[in-house]
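Asker: The sequence and its predicted three-dimensional model are supplied below.
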Amino acid sequence: MSDERTLLEDLAEAHGVSTQWWDWRGERRTVPTSSLRAVLSAMGEEIGDEATLAASLERSRTLPWRRTLPPTVVQRAGAATRVLVHLSHGSAVILSVRCEGGARHLLEQVEHTVEPREIDGQWIGEAAFEVPADLPLGWHELIAEPEVAPMLPGSERAVLVTVPTRLDLPGAVGHEPRGGLLTQVYQVRSRGSQGIGDLGDLVTLGTWAAREHGHDFVLVNPLHAAEPVAPMEPSPYLPTSRRFVNPIYIDLRDLPDAEALPDEARTQIAELVARGQVLNDTDGIDRDAVWDLKRRALRIAFRHLGPHHGTPVAALREEEGQALEDFATWCSIAAVHGTQWERDWPAELHDPRGAAVDAFQRAHEEEIAFTIWLQWLVRHQLAGAREALRAAGMGIGLVGDLAVGIHPEGADSWALQDVLARGIEVGAPPDQFNQLGQNWSQPPWWPDRLAEVGYAPFRDMLRAVLRDAGGLRVDHIIGLFRLWWVPEGHAPGDGAYVRYDHEALIGILVLEAARAGATVIGEDLGVVEPWVREHLVERGVLGTSVMWFEWRDGYPLPPQEYRELCLASVTTHDIPPTAGYLALEHVAIRERLSLLTRPVEEEAAAEEGRILAVRAALHERGLLETPFAPVDAVVAAMHEWLALTPARLHGYALTDLVGDVRAINQPGTDEEYPNWRLPLAGPDRIPLVLEDVVGGDRALPDG
């Protein structure tokens with residue numbers, strides 16, 4: 001190995017970057033040198049020649065000695081925590097904590113003997129203080145004050161977060177399994193909606209599931225904000241912002257104070273609603289067409305019902321502060337210059353705090369006010385949906401979904417530039433279902449910068465998505481432990497794993513969930529280190545078990561051996577509905593799109609073998625009369641298998657209920673397949689409306 005490669009690997013290790021990894025076939029792979037260079041460069045390291053690399057390595061290893069306090073300290077409640085303080089050798093310091101509620105406590109210095117180190121010609125010493133175990137949960141502040149000598153520059157204060165050791169499961173989860181629906185809101189169109197399922201349709205569906213079948217929750221796709229103008233990204237997992245909500249889900253039939261609308265405005269809105277209902281007849285979801293009609297209707301409503309007429313948006317502006325102003329500003333600029341801010345906007349608008357942006361805000365106050373009103377309105381309806389589901393008898397109610405990341409040119413990437421790694425895209429290495437690997441085109445959190453700002457963007461995002469939810473599914477929760485970074489211009493398989501401070505991220509997640517009274521479900525599918533699942537169980541975070549992925553020694557895992565602390569389901573949105581899977585829909589799609597790395601005959605045979613093993617297991621359990629039973633019988637039997645598991649939550653996909661066969665998403669593709677654009681359909685692939693579901697005799701498993 002060359003000296004340069006050795007230095008690169010040492011520098012990578014100092015930043016939690018993998019240099020080797022195991023692939024899905026069990027083979028050890030080495031991260032290319034070019035990938036290591038790109039990843040480390042994105043982390044702000046200088047990576048020129050060997051001398052530059054050596055200097056970068058020395059700076060990284062001595063960084064804690066260059067600041068008085070670590071930027072963020074995370075403490076588990078009930079456990080004393082040691083904080084290391086660095087200061088000029090021979091000087092003394094007073095360390096205190098100011099709690100979230102205002103109380104202040106002096107911290108006790110404890111014995112800690114470490115030799116001083118020379119840093120940039122100055123001798124630096126290290127002292128230790130103990131944060132007491134009895135601090136209340138919350139966001140506190142560490143304050144270092146010198147007794148004589150000045151502090152090291154810019155590091156006299158730090159964030160201290162006291163988090164629960166474990167997230168207590170709400171009483172609704174209890175010890176008995178609870179059932180619930182899994183659905184994509186936009187798929188479920190009613191006769192009265194405008195080409196896309198909305199929050200009113202969600203209430204109708206959830207109320208039916210609760211009252212008729214005793215279901216305890218509805219888990220939906222991410223409702224994060226998308227682009228405000230065409231083209232709107234169809235994937236709910238590639239939002240422009242994870243903190244704000246997509247107003248396309250607003251139910252135009254339930255506008256607050258609609259009775260105050262003038263007759264002319266009411267007529268105009270009704271005409272737009274009727275035009276939108278025509279879009280229900282198409283076998284596809286055209287978000288651009290839907291939003292064009294909805295936006296026009298909402299602009300009419302805004303003129304008569306907006307903040308100038310008493311709508312209480314001031315509280316929202318105060319609560320969300322600068323983040324809401326940034327989001328609304330980005331939407332307004334995007335309406336003028338397009339949604340690709342880094343590529344198409346004038347350079348002077350790239351800085352959210354620049355003078356040009358300030359001038360733009362003053363010139364577009366009405367447009368910004370409209371965007372903020374839309375956020376108030378969609379949140380008002382979300383809160384109403386939450387209350388309606390609880391009133392129908394759901395103990396958990398609405399379970400939201402948190403996407404892995406954001407669009408690289410979206411509102412969050414513009415507003416949060418200082419905490420995102422540029423020139424990097426998140427993805428996944430090759431696996432059985434995506435044998436070329438995946439690139440999700442999302443910029444990742446920059447771990448060091450996130451810690452330096454006290455994890456505030458992460459915390460505020462969690463608070464927003466938990467506000468109206470009784471639970472939260474965290475997509476690819478493994479990303480809070482490590483993420484697969486793919487440098488721009490590199491193939492997905494040439495990425496590298498980057499580790500995150502999971503103690504901080506998981507701790508903050510359980511703190512904010514505890515404060516919201518919410519259950520957390522971690523989507524922990526794929527390649528997962530065993531200790532990660534152990535850590536999630538320890539922290540009270542439910543895992544995810546999908547029947548198609550639960551195997552042992554070549555056979556389906558017996559239902560009684562499923563995890564208790566998990567959401568168990570038969571299928572997931574990244575594979576076809578069960579009827580489609582049994583018909584090898586997933587193999588046909590990947591063969592058609594050239595995504596296979598082995599002959600289609602070999603792939604089909606392997607999948608047929610898995611399906612036969614499932615059929616045999618169902619027959620042996622007495623759930624199928626014969627292994628060769630028809631598809632609908634197999635689907636029903638698989639759900640009976642699910643009911644035999646000890647999993648706390650059982651999820652039933654609405655697509656399985658209606659016999660849909662079409663995949664809603666084919667991972668690893670973009671325009672090659674109509675991802676996230678197919679409405680709910682029956683076995684014949686003909687679209688269904690919500691009334692067909694709640695008014696029919698569907699054999700929905702009871703909760």
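Answerer: Received the coordinates, thanks.

Asker: Check which helix or strand Pro576 maps to.
Answerer: Pro576 is part of no helix or strand when elements are defined by DSSP states H and E.

Asker: got a list of what it touches?
Answerer: By CB atoms under 8 Å, 6 or more residues apart in numbering, the residues touching Pro576 are 585-586, 589, 661-663. (Glycine included, C-beta is placed from N, CA and C.)

Asker: quick one, strands of the stretch 351-500 of the chain?
Answerer: Secondary structure of the stretch 351-500 of the chain (DSSP state E, counting those that start in this stretch): strands located at 397-402, 424-428, 438-439, 471-474, 482-487, 496-499.

Asker: circling back to that earlier point, looking at the contacts of Pro576, spot the one nearest Arg610.
Answerer: His586 (11.1 Å; CB to CB).

Asker: correct me, but the closest one touches Ile575?
Answerer: Yes. The criterion here is CB atoms under 8 Å, and His586 meets it with Ile575 at 5.6 Å.

Asker: What are the buried residues along the top helix by length along the chain?
Answerer: Taking DSSP state H as the criterion, the chain has its longest helix at helix 365-391. By 16 or more other CB atoms under 10 Å, the buried positions in helix 365-391 come out as 367-382, 384-386, 388-390.

Asker: name the helices or strands packed onto it?
Answerer: The contact analysis (3 or more CB pairs under 8 Å, 6 or more residues apart in numbering; DSSP states H and E) places helix 365-391 against helix 199-213, strand 241-245, helix 287-305, helix 314-337, strand 397-402.

Asker: Could you list the buried residues of the third one?
Answerer: Spelled out, it's helix 287-305. 287, 289-295, 297-298, 300-302, 304-305.

Asker: any idea of the mean pLDDT in that helix?
Answerer: Averaging pLDDT along helix 287-305 yields 97.

Asker: okay, it in PDB with CA atoms only?
Answerer: Provided in PDB are the C-alpha atoms of helix 287-305 (Å, rounded to 0.1, in the frame of the first residue of the first chain):
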ATOM      1  CA  ARG A 287     -49.200  16.100  -9.900                       C
ATOM      2  CA  ASP A 288     -48.400  19.100 -12.100                       C
ATOM      3  CA  ALA A 289     -51.900  19.200 -13.500                       C
ATOM      4  CA  VAL A 290     -53.400  18.600 -10.100                       C
ATOM      5  CA  TRP A 291     -51.400  21.400  -8.400                       C
ATOM      6  CA  ASP A 292     -52.100  23.800 -11.200                       C
ATOM      7  CA  LEU A 293     -55.800  23.600 -10.500                       C
ATOM      8  CA  LYS A 294     -55.500  23.400  -6.700                       C
ATOM      9  CA  ARG A 295     -53.200  26.400  -6.600                       C
ATOM     10  CA  ARG A 296     -55.500  28.500  -8.600                       C
ATOM     11  CA  ALA A 297     -58.400  27.600  -6.400                       C
ATOM     12  CA  LEU A 298     -56.300  28.300  -3.300                       C
ATOM     13  CA  ARG A 299     -55.200  31.600  -4.600                       C
ATOM     14  CA  ILE A 300     -58.900  32.600  -4.900                       C
ATOM     15  CA  ALA A 301     -59.500  31.400  -1.300                       C
ATOM     16  CA  PHE A 302     -56.400  33.200  -0.100                       C
ATOM     17  CA  ARG A 303     -57.700  36.600  -1.400                       C
ATOM     18  CA  HIS A 304     -60.800  36.200   0.800                       C
ATOM     19  CA  LEU A 305     -59.800  34.000   3.700                       C
END
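
Asker: Show residues contacting it.
Answerer: Under the contact criterion CB under 8 Å, 6+ apart, helix 287-305 has outside partners 186, 194-196, 226, 230-232, 234, 247-248, 250, 252, 255-258, 260-262, 265, 268-269, 272-273, 275-276, 279, 311, 370, 373-374, 377, 677.

Asker: what angle separates it from helix 365-391?
Answerer: With axes from the mean of the first three to the mean of the last three CA atoms, to 10 degrees applied, the angle from helix 287-305 to helix 365-391 works out at 100 degrees.

Asker: Show me what the lowest-mean-pLDDT helix or strand in the chain is packed up against.
Answerer: Within the chain, no helix or strand scores below strand 438-439, which has a mean of 87 by mean pLDDT, DSSP states H and E. With contacts defined as 3+ CB pairs under 8 Å, 6+ apart, the packing partners of strand 438-439 are strand 424-428.

Asker: between the strand it packs on and strand 482-487, how big is the angle?
Answerer: 130 degrees.

Asker: next one: strand 424-428 to chain centre, how far?
Answerer: 14 Å (CA atoms, centre = their mean, to the nearest Å).

Asker: For Gln268, which non-adjacent residue is spatially closest?
Answerer: Once flanking residues are discounted, Gln268 sits nearest to Ile300: 5.4 Å by CB to CB, 6 or more residues apart in numbering.

Asker: what's the spacing between the one you found and Arg5?
Answerer: Separation of Ile300 from Arg5 (CB to CB, to the nearest Å): 63 Å.

Asker: same thing with Glu100?
Answerer: 47 Å.

Asker: now do Tyr500
Answerer: Distance from Tyr500 to Arg5, by CB to CB: 25 Å.

Asker: In terms of neighbours, single out the busier of these two.
Answerer: Using other CB atoms under 10 Å as the criterion, Tyr500 and Arg5 rank with Tyr500 on top: 20 against 14.

Asker: Go through the helices and strands packed on helix 365-391 and name the closest to Pro146.
Answerer: It is, among the helices and strands packed on helix 365-391 and with distance given as CB to CB, helix 314-337, at 32.1 Å.

Asker: and that closest one, what other elements does it pack with?
Answerer: By 3+ CB pairs under 8 Å, 6+ apart, helix 314-337 packs against strand 241-245, helix 341-344, helix 355-363, helix 365-391, helix 411-415.

Asker: For the first one, which strands pair with it and how are they oriented?
Answerer: Put plainly, it is strand 241-245. Applying DSSP bridges, strand 241-245 is found paired with strand 224-225 (antiparallel).

Asker: neighbouring contacts of the strand it pairs with?
Answerer: With CB under 8 Å, 6+ apart as the test, strand 224-225 has contacts from 236, 239-247, 327, 403, 411, 465.

Asker: Let's see that with 10 Å instead.
Answerer: The contact list for strand 224-225 (CB atoms under 10 Å, 6 or more residues apart in numbering) reads 236-248, 327, 330-331, 371, 374-375, 378, 400-403, 406-407, 410-412, 461, 464-465.

Asker: buried subset of the residues you listed?
Answerer: 236-248, 327, 330-331, 371, 374-375, 378, 400-403, 406-407, 410-412, 461, 464-465.

Asker: In the helix or strand Ser96 falls within, which residues are buried?
Answerer: Per DSSP H and E, Ser96 falls inside strand 93-98. By neighbour count on 16+ other CB under 10 Å, the buried set for strand 93-98 is 93, 95, 97.
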